[in-house]
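Student: Here's my sequence, what's the structure:
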Amino acid sequence: MSESRLSDGVVTLSPLCLDDLDAHLAGEDDQLVRWLNGGPSTRAGTEAYLRRCMHEWSTDGSLRAFGIHVDTQAALVGTIDLRFGLEDLADGQVNIAYGLYPKWRGRGLATRAVHLVCQYAAAQGATQGVIKVEPENAASVAVAQRSGFRYIAQIQGSDGIQLNCYVRDLAARSFNTQT
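Tutor: Model (predicted):
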């Protein structure tokens, strides 16, 4: 497995695992269901997803799902994932999706997490990050913009939903890791 614990001194990202199950279920709200999850999570469904995430990490698969933590607390405050090799992406592009639990929003934590995963993705060979977000999701649009992504087009998602597509060129550079 590639080095997978990342930190900027405020936010720490670590691979999602079964220990995150209860915190994820407790943190989910209507906004996460609407903008990210596509429907309410169940315990069984979330456990299956976390097992898949763990498998992807152990095999260097195309999905790298991280839990977002604030260094002052070990609690899970959200998630961010990278998806390499998606059919609708060009070679070298990686999809980035993120969500924070309600009490952690509005503190710049998602922006920090995006910067960290961009550095990680570049170290893994990705050349461009892609964020696809529904135009009405103002908070996620703002994160993309604050993270240095630029709007390139509105596209239709596989489910027929219109999405704004933002991209950022990635450059391999050092980042802080913790073991």
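
Student: make it CA atoms for all contacts and neighbour counts henceforth
Tutor: Noted.

Student: can you give me the strands for the protein?
Tutor: 6-7, 11-15, 63-70, 76-84, 93-100, 128-133, 150-156, 162-169 (DSSP state E).

Student: Tell me which helix or strand in this protein has the weakest average pLDDT.
Tutor: helix 30-32 (a mean of 66; mean pLDDT, DSSP states H and E).

Student: What residues of stretch 56-71 count as buried?
Tutor: For stretch 56-71, a neighbour-count test (16 or more other C-alpha atoms under 10 Å) marks 56-57, 61, 63-70 as buried.

Student: Provide the contact partners of that stretch at residue level.
Tutor: Applying C-alpha atoms under 8 Å, 6 or more residues apart in numbering, the contact partners of stretch 56-71 are 1-2, 9-16, 20, 53, 55, 75-85, 113.

Student: Mark which of the residues you listed are buried, thanks.
Tutor: When these are checked against 16+ other C-alpha under 10 Å, the ones flagged as buried are 11-16, 20, 53, 76-85, 113.

Student: thinking again about what came up before, nearest to A48, of the strands of the chain?
Tutor: Ranking the strands of the chain by their distance to A48 (criterion: C-alpha to C-alpha) puts strand 63-70 first, at 13.5 Å.

Student: residue nearest the centroid of the chain?
Tutor: I80 (2.1 Å; C-alpha atoms, centre = their mean).

Student: nearest residue to it other than its sequence neighbours?
Tutor: Y98 (4.1 Å; C-alpha to C-alpha, 6 or more residues apart in numbering).

Student: ok, now G9?
Tutor: D71 (7.0 Å).

Student: So the one you found versus L6, what's the distance?
Tutor: 11 Å (C-alpha to C-alpha, to the nearest Å).

Student: Give me the common contacts of the two.
Tutor: By C-alpha under 8 Å, 6+ apart, the residues touching both D71 and L6 are T12.

Student: Okay, now the unreliable bits of the protein?
Tutor: Applying pLDDT under 70 to the chain picks out residues 1-3, 29, 31-39, 72-73, 172-179.

Student: hmm, 50 instead?
Tutor: Counting by pLDDT under 50, the ranges of the chain that qualify are 1-2, 173-179.

Student: Surely A75 touches A23?
Tutor: Yes: between A75 and A23 there is a contact at 7.5 Å, judged by C-alpha atoms under 8 Å.

Student: Quick check: nearest residue in space to L109, chain neighbours excluded?
Tutor: Nearest one to L109, counting by C-alpha to C-alpha, 6+ apart, is V11 at 6.7 Å.

Student: can you check T12 too?
Tutor: H69 (5.1 Å).

Student: any idea how far that neighbour lies from R168?
Tutor: 24 Å.

Student: count of neighbours near C118?
Tutor: 28 (other C-alpha atoms under 10 Å).
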